[in-house]
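J.: Structure for this input, please:
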Amino acid sequence: MTLNETYEKEVRIPVSIVNVPDNVVLISPSTDTMKVVVRDKGLVLLGYEYRDILRPLRINFKSYVRGTESASITSAELQRFIYQQLSASTKIVSIKPDKSEFFFNYGLCKRVPVRWRGHVVPEQLYFISHVDYQPDSVDVYAAEEKLDSIDVVYTETLNYDNFRDTLSITCGLQKIRGAKCVPDRIKMAFYTDVLTEANMSVPVTGVNFPDGKVLRTFPSKVTVHFVTGISRLKKLRPSDFTVVADYEEIMRHPSDKCAVHLKGIPHDVSRAKIDVGSVDYLIEEE
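T.: Below is the predicted model of the structure:
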């Protein structure tokens, strides 16, 4: 850089909100950074870079609050504050962002659950059996209308794959304009299990049968085929599944056989199906 030539240079100036009352919750960060492109001689620009000339802008909270739960400082106002620190020969070319905006409220919040978002896929033959959140809910501060629209907070987009052991991470939460999450970072653990194919004999249960009528099926049980994790399989019981024959369906479609349907499937079980679609039956009087 030649000292007597004119150049443009980007400088960064922190912007802080000060004199915030104790009963106010700042939803936006209390400190932001403006990217300011200035034009001047090389000698002046070097002074901005290596001397402590540019101080943080301190925005007085009470000067910009007009009764609403947001406030903004225009580009013209920001330029006026910045020019007070610049050499008389320096010109501002651009400011990003072109205005400083902040949100606040007086403690209104609600607690909402956290859910993960993104791509988290373990190695082949493994699956995610359980996700643990610490904490599993966060407090969201925002204006009442904004709070009404928020029922869940998602993590930042995750991207992990090809793991087989428990994946433990710390991640941030997705930014919501006009809202603040406390805390804004959480710990998560993705627990894995090995996939296995299995089957189980499950009794056929009659549903919607009138009092005094009893269903007898032949066979009395059908085989349910499914995929689950090895550790989950050890805890499964036939009673965790529900296979039914519906009296009303039998009356609508009289036949020697009645249709059976798999209605109840426990969590962490996939690709569940029964080996037959119908069975022989009798309807007896009690």
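
J.: what's the neighbour count on residue 267?
T.: Neighbour count of residue 267, defined by other CB atoms under 10 Å: 10. In this view, the C-beta of every residue, glycine as well, is placed from N, C-alpha and C.

J.: Going forward, count from 20.
T.: Right, with 20 as the first residue, what we last looked at is residue 286.

J.: right, and the secondary structure at it would be what?
T.: Under DSSP: H, G, I helix; E, B strand; the rest coil, the three-state class of residue 286 is coil.

J.: now residue 139
T.: Secondary structure, three-state DSSP: residue 139 is strand.

J.: so who does it touch?
T.: 147, 177-180, 186, 209 (CB atoms under 8 Å, 6 or more residues apart in numbering).

J.: Which helix or strand contains the closest residue to it other than its chain neighbours?
T.: Take residue 139 and drop its neighbours on the chain: the residue closest to it by CB to CB, 6 or more residues apart in numbering is residue 179, 5.0 Å away. Using DSSP states H and E, the element containing residue 179 is strand 177-180.

J.: circling back to that earlier point, widest-spaced pair of the contacts of residue 139?
T.: Farthest-apart pair in the contacts of residue 139 is 147 and 178; separation 14.5 Å (CB to CB).

J.: Separate out the buried members of the contacts of residue 139.
T.: Buried subset of these (neighbour count, 16 or more other CB atoms under 10 Å): 147, 177, 186, 209.

J.: Break this protein down into its domains, please.
T.: Annotated domains of the chain cover 25-124, 128-212, 215-304 [automatic domain parsing].

J.: weakest of these by average pLDDT?
T.: Within the domains of the chain, confidence is poorest for domain 25-124, with a mean of 83 (mean pLDDT).

J.: what about that domain, how long is it end to end?
T.: Counting by CA to CA, to the nearest Å, you get 46 Å between the two ends of domain 25-124.

J.: just stretch 165-185 next, same as before
T.: 36 Å.

J.: Stretch 36-56 too?
T.: Stretch 36-56: ends 22 Å apart by CA to CA.

J.: residues making contact with it?
T.: Residues outside stretch 36-56 that contact it (CB under 8 Å, 6+ apart): 27-35, 75-81, 97, 101, 111-116, 119-126, 128, 160-161, 197-199.

J.: Skipping its backbone neighbours, what lies nearest the residue nearest the centre of the chain in space?
T.: Ranked by distance to the mean C-alpha position of the chain (CA atoms, centre = their mean), the top residue is residue 173 at 1.1 Å. Leaving out its chain neighbours, the residue that sits closest to residue 173 by CB to CB, 6+ apart is residue 136, at 4.3 Å.

J.: and that neighbour, how many neighbours does it have?
T.: 12.

J.: Kindly report the same for residue 51.
T.: For residue 51, the neighbour count with other CB under 10 Å is 17.

J.: Show me the beta-bridge partners of it.
T.: residue 34 (DSSP bridges).

J.: how close does it sit to residue 246?
T.: From residue 51 across to residue 246, the span is 50 Å (CB to CB, to the nearest Å).

J.: where does residue 211 sit relative to residue 120, distance-wise?
T.: Counting by CB to CB, the gap from residue 211 to residue 120 is 43 Å.

J.: Please say which of the two ends up with more neighbours.
T.: Higher neighbour count among residue 211 and residue 120: residue 211, with 19 against 14, using other CB under 10 Å.

J.: hang on, the more buried one packs against residue 145?
T.: Yes. Using CB atoms under 8 Å, residue 211 makes contact with residue 145 at a distance of 4.8 Å.

J.: how about the helices in this protein?
T.: With helices called from DSSP state H, the chain shows them at 61-69, 80-83, 94-102, 163-167, 249-252, 266-271.

J.: Which residues outside the third one are in contact with it?
T.: The one in question is helix 94-102. With CB under 8 Å, 6+ apart as the test, helix 94-102 has contacts from 32, 34, 53, 55, 76, 111, 114, 117-119.
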